[in-house]
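1. okay, predicted coordinates and the sequence, questions at the end:
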Amino acid sequence: MMKIFVSDLDGTLIDQSLQNNDAVKACVQQILHSKNELVIATGRSLHGIKVLNFYDAPIYFIIMNGAILLDRNKAVLYKKAIDERVVRAAYRRYPNDNVEYITQNKTFMAISKEAYLMNYGQWDVWQKKMSGNDEQFQFMLSHYVFDADISQIKDQVVKINILEMDAKKYKEKEAFFKTFDEVVNNPFDTHVLELTAAGVTKQSTMDKLLQLTGWHKDNIYVFGDGDNDAMLLAAYDHSYAVDNASEKAKNSAKYIIGSCKDNAVINQIAQIMTL
């Protein structure tokens, strides 16, 4: 019986320092060789997944926390944009903050590249991910437009990321966006707001993929580590949170496995495929 594996990337399938890429690629190949399916469900943008060494594999991608669904050939099956009213309000209120306005192919920021690097340099998660991965980092940066005016955004904004290291300011920003019914915040980390259109989550987009493919829920195995994986984990009987996951993710999953840094997801998938 075919099995469908659905996994988050960073902190779940891929360790935070991106040191297990080859092992992940081998896992992807094993899944496909065994006539099973893989769906990557991530908060990353399109240019964030293009750096993966298995990007061209015939698998589905749910990206930007569900705002875009890509088929096996990377064609867009579904896309949901954030209301322009929210985008304009964010631009007016936070002109000097670390706010990323992410479209399908570009990321726009009102601040300078220097300010962006300085702000993100304070975040240990970002430091671990970028350390020793300069080529990937430069590729992702090539899709950024800094010192951008809102008039430069010609495509729809599908996700807004806001880095805020100050807990009090984070709560203020969170409260501000709660005044808009058009958006929802589904962050994987307590220092980042991850805004998508209301109703858009990894789980809601996975539901759309189920409708398109006819897959049965009993054949789906889900893996995650962040708060933005919680709804997805809670929706399936075969759900696994890694040991390094957030409490919300762990409480939502049916099973807790080992740590991402020990390739727990890769090992669990290999075990499941033998059943």
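-> Perfect, I can see it now. Note that the structure is predicted; figures quoted are calculated from it, not measured. Residues are numbered from 1 along each chain as shown.

2. got a list of what L212 touches?
-> Applying CB atoms under 8 Å, 6 or more residues apart in numbering, we find L212 in contact with L77. (Glycine included, C-beta is placed from N, CA and C.)

3. SS state for it?
-> Here L212 is helix, with the state taken from DSSP: H, G, I helix; E, B strand; the rest coil.

4. so where's the stretch 101-250 of the chain shaky on pLDDT?
-> For the stretch 101-250 of the chain, the stretches with pLDDT under 70 are 125-133.

5. quick one, strands of it?
-> 107-108, 144-145, 159-163, 183-185, 192-197, 220-224, 238-241 (DSSP state E, counting those that start in this stretch).

6. confidence score at L275?
-> L275 carries a pLDDT value of 80.

7. for it, the count of nearby residues, please.
-> The number of residues packed near L275 is 6, by other CB atoms under 10 Å.

8. separation between Q104 and L275?
-> According to CB to CB, to the nearest Å, Q104 stands 38 Å off from L275.

9. which residues are contacting stretch 137-148?
-> The contact list for stretch 137-148 (CB under 8 Å, 6+ apart) reads 45, 47-48, 50-51, 101, 105-113, 116, 130, 152.

10. cool, stretch 74-84 as well?
-> 55, 61, 66-71, 104, 156-160, 180, 182-183, 195-197, 199-200, 205, 208-209, 212.

11. which of those are buried?
-> 61, 66-71, 104, 156-160, 180, 182-183, 195-197, 200, 205, 209 (16 or more other CB atoms under 10 Å).

12. where does F5 fall, secondary structure wise?
-> Using DSSP states H and E, F5 falls within strand 4-7.

13. that strand packs against which elements?
-> strand 37-41, strand 220-224, helix 264-272 (3 or more CB pairs under 8 Å, 6 or more residues apart in numbering; DSSP states H and E).

14. okay, now the sheet partners of it, with direction.
-> Counting by DSSP bridges, the strands paired with strand 4-7 are strand 37-41 (parallel), strand 220-224 (parallel).

15. now the element after that strand, going C-ward?
-> helix 21-33.

16. residues in contact with that following helix?
-> 5, 13-14, 37-38, 52-54, 57-59, 263, 266, 269-270, 273.

17. tell me the two of these that are most distant?
-> Distances among those were taken as CB to CB; the most separated pair is P58 and N263, at 22.9 Å.

18. more neighbours, these two?
-> More crowded of P58 and N263, by other CB under 10 Å: N263, with 19 against 12.

19. quick check: that one vs L13, distance?
-> 9 Å.

20. and if you look at M109?
-> The value you get for M109 to L13, if CB to CB is used, is 28 Å.

21. S151 too?
-> Taking CB to CB, one finds S151 at 38 Å from L13.

22. tell me which of those two has more neighbours.
-> Remark: of S151 and L13, L13 carries more neighbours, 27 against 6, as counted by other CB under 10 Å.

23. hang on, the more buried one packs against A264?
-> No. If you go by CB atoms under 8 Å, L13 and A264 don't touch, sitting 9.6 Å apart.

24. so what sits against both of the two?
-> With CB under 8 Å, 6+ apart, L13 and A264 have no common neighbours.

25. count of neighbours near the residue nearest to W215 when sequence neighbours are not counted?
-> Counting by CB to CB, 6 or more residues apart in numbering, W215 lies nearest to I4, which is 5.5 Å off, once chain neighbours are set aside. By the measure other CB under 10 Å, the count of residues near I4 is 23.

26. what do you get for Y101?
-> 24.

27. report the buried residues of stretch 30-43.
-> Applying 16+ other CB under 10 Å to stretch 30-43 flags I31, L32, N36, E37, L38, V39, I40, A41, T42, G43 as buried.

28. now swap in stretch 207-222 and tell me
-> In stretch 207-222, counting by 16+ other CB under 10 Å, buried: L209, W215, I220, Y221, V222.

29. just stretch 258-275 next, same as before
-> C260, N263, A264, V265, I266, Q268, I269, M273.

30. give the contact list for the nearest residue in space to P187 that is not next to it in sequence.
-> Nearest residue to P187, sequence neighbours excluded (CB to CB, 6+ apart): E194, at 4.7 Å. For E194, the contacting residues are G43, N65, K159, I160, N161, N185, N186, P187, F188, N228, by CB under 8 Å, 6+ apart.
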